[in-house]
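K.L.:
3D model of this:
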Amino acid sequence: MASTADILGIHHITIVCSNAQRTIDFYTQVLGQRFIKKTVNFDDPGSYHLYFGNEVGRPGSVITFFEWPGARKGNPGIGGTHHFALIVSDYNGLLQWKRRLVDMGIEVEGPLDRHYFKSIYFNDPDGTILEIATPGPGWTIDEAPDALGTEYREPPAQMLVNNRDEARIQAETWPEPVSTITSAMALSQGLHHITAIGSDIQRTQAFFGDLLGMRRVKMTSNFDDPTSAHWYWGVGDGRPGTLITYFERSPSKSPRVRMGAGQTHHFAFAVPDEETQLVWREKLVKAGLRVTPVLDRVYFKSIYMNDPDGHLVELATAGPGFAIDEPITDLGRDLKLPPWLEGKRGVIERELHPVTAPQWHPVEAR
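P.N.:
Take a look at the predicted model:
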């Protein structure tokens, strides 16, 4: 068997929403994401599957939603995702985002110092926790590049004190209204990290570090709960866009995730191609995991498994990409169905309520 190639980084995250149009409006008009694909859940073709990302839908920039109309609100917990983060270029851009969101009536927490980056937090209309984070200063602020993730790093005491200074934090914002998304604010770099919740951090290390071959780049504590572990895994030097992080929580004190609107259905890592994916599948099956057959998602091929706490994890190929069934200029314009569902288009379209998205304009042109 050929050796297993490295995972490339995050491919996408898929979340449950309760109202497709409301989700489209928020991610395009509030956050400036491009609506890159309007299709259906291939496993439940009576419901939408919506894709957002950068201009071309590069893996690592993609946020997708299954619409479950009228779904009850879910709750984070063990076996689920706590939040996901998007990259902004610098601290000024972060402050501009805070001002823009607050002026739009969205409650924002932060900016908070996360030692390795600075960030703000807010919720989408279904309650999903979103974070916008700066790229740095990075992991080497308290460890040498060749020693990342090898020793526990105590959260700096002064940072914890500063993060409790609510008056200072509330006052820290951009001085002027931000009516349009500037190039400094553009979220086109994609996802910074995904943070999930587990019950045994060593077992999580065995899964992501030992089995999936990701590099542990930091062992620290949850800065909002310093008694619990928070570990980070990434690719290479742990660059943003490759990072999965886990909070460790005790099953005796924390509930399991309750799936529903606002909760992550699964997240995916990218692998280079189908051949690599098959090698990974063989390795995972030999390790005793239950792994799905390769599934054709048109824009990529996928296999699925569960992490030790039951969270659904996907390995998806980097291609062929979102331009396979419509030109880049027209992404997200029309309802796209896989070939095996085209014969049912009439029935499917009657079951779906119409949705619209604004015409895409690159941020630089605004």
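
K.L.:
What ranges in this protein fall below the confidence cut-off?
P.N.:
For the chain, the stretches flagged by pLDDT under 70 are 1-4, 364-366.

K.L.:
Run a quick check on A85 versus I129, I expect a contact.
P.N.:
No. When contacts are counted by Cβ atoms under 8 Å, A85 is not listed as touching I129 (9.5 Å). Every residue, glycine included, has its C-beta placed from N, CA and C.

K.L.:
quick one, which of those two is more surrounded?
P.N.:
A85 (23 against 17; other Cβ atoms under 10 Å).

K.L.:
So which bits of the helix or strand harbouring the more buried one are buried?
P.N.:
Using DSSP states H and E, A85 falls within strand 81-87. With burial defined by 16 or more other Cβ atoms under 10 Å, the residues of strand 81-87 counted as buried are T81, H82, H83, F84, A85, L86, I87.

K.L.:
Could you dump those residues into JSON lines with distance to E172 added?
P.N.:
Below are these laid out as JSON lines (distance: Cβ to Cβ, whole Å):
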{"residue": "T81", "distance to E172": "28"}
{"residue": "H82", "distance to E172": "24"}
{"residue": "H83", "distance to E172": "21"}
{"residue": "F84", "distance to E172": "23"}
{"residue": "A85", "distance to E172": "19"}
{"residue": "L86", "distance to E172": "19"}
{"residue": "I87", "distance to E172": "20"}
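
K.L.:
of these, closest to Y232?
P.N.:
Ranked by distance to Y232 (Cβ to Cβ), those are led by A85 at 11.7 Å.

K.L.:
Can you give me every residue that contacts that closest one?
P.N.:
Shown in contact with A85 (Cβ atoms under 8 Å, 6 or more residues apart in numbering): S119, L130, E131, I132, A133, L191, H192, H193, I194, T195.

K.L.:
Surely G93 is in contact with A184?
P.N.:
Yes. Between G93 and A184 there is a contact under Cβ under 8 Å: 4.2 Å.

K.L.:
What ranges does the protein have for its helices?
P.N.:
20-25, 91-103, 157-162, 166-171, 201-205, 274-286, 345-351 (DSSP state H).

K.L.:
Let me know which of these is the nearest to T64.
P.N.:
helix 20-25 (10.3 Å).

K.L.:
can I get the helices of the chain in JSON lines with mean neighbour count?
P.N.:
Below are these laid out as JSON lines (neighbours: other Cβ atoms under 10 Å):
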{"stretch": "helix 20-25", "mean neighbour count": "19"}
{"stretch": "helix 91-103", "mean neighbour count": "20"}
{"stretch": "helix 157-162", "mean neighbour count": "12"}
{"stretch": "helix 166-171", "mean neighbour count": "11"}
{"stretch": "helix 201-205", "mean neighbour count": "18"}
{"stretch": "helix 274-286", "mean neighbour count": "16"}
{"stretch": "helix 345-351", "mean neighbour count": "11"}
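
K.L.:
now the strands for the stretch 151-300 of the chain?
P.N.:
Taking DSSP state E, counting those that start in this stretch, the strands of the stretch 151-300 of the chain run over residues 191-198, 215-222, 225-234, 243-248, 264-271, 295-296.

K.L.:
What is the longest one packed up against?
P.N.:
Yep, that's strand 225-234 we're talking about. Counting contacts by 3 or more Cβ pairs under 8 Å, 6 or more residues apart in numbering; DSSP states H and E, strand 225-234 packs against helix 201-205, strand 215-222, strand 243-248.

K.L.:
what sits up against that strand?
P.N.:
The contact list for strand 225-234, computed with Cβ under 8 Å, 6+ apart, reads 9, 139, 149, 155, 160, 193, 201, 204-205, 208-209, 214-223, 238, 242-249.
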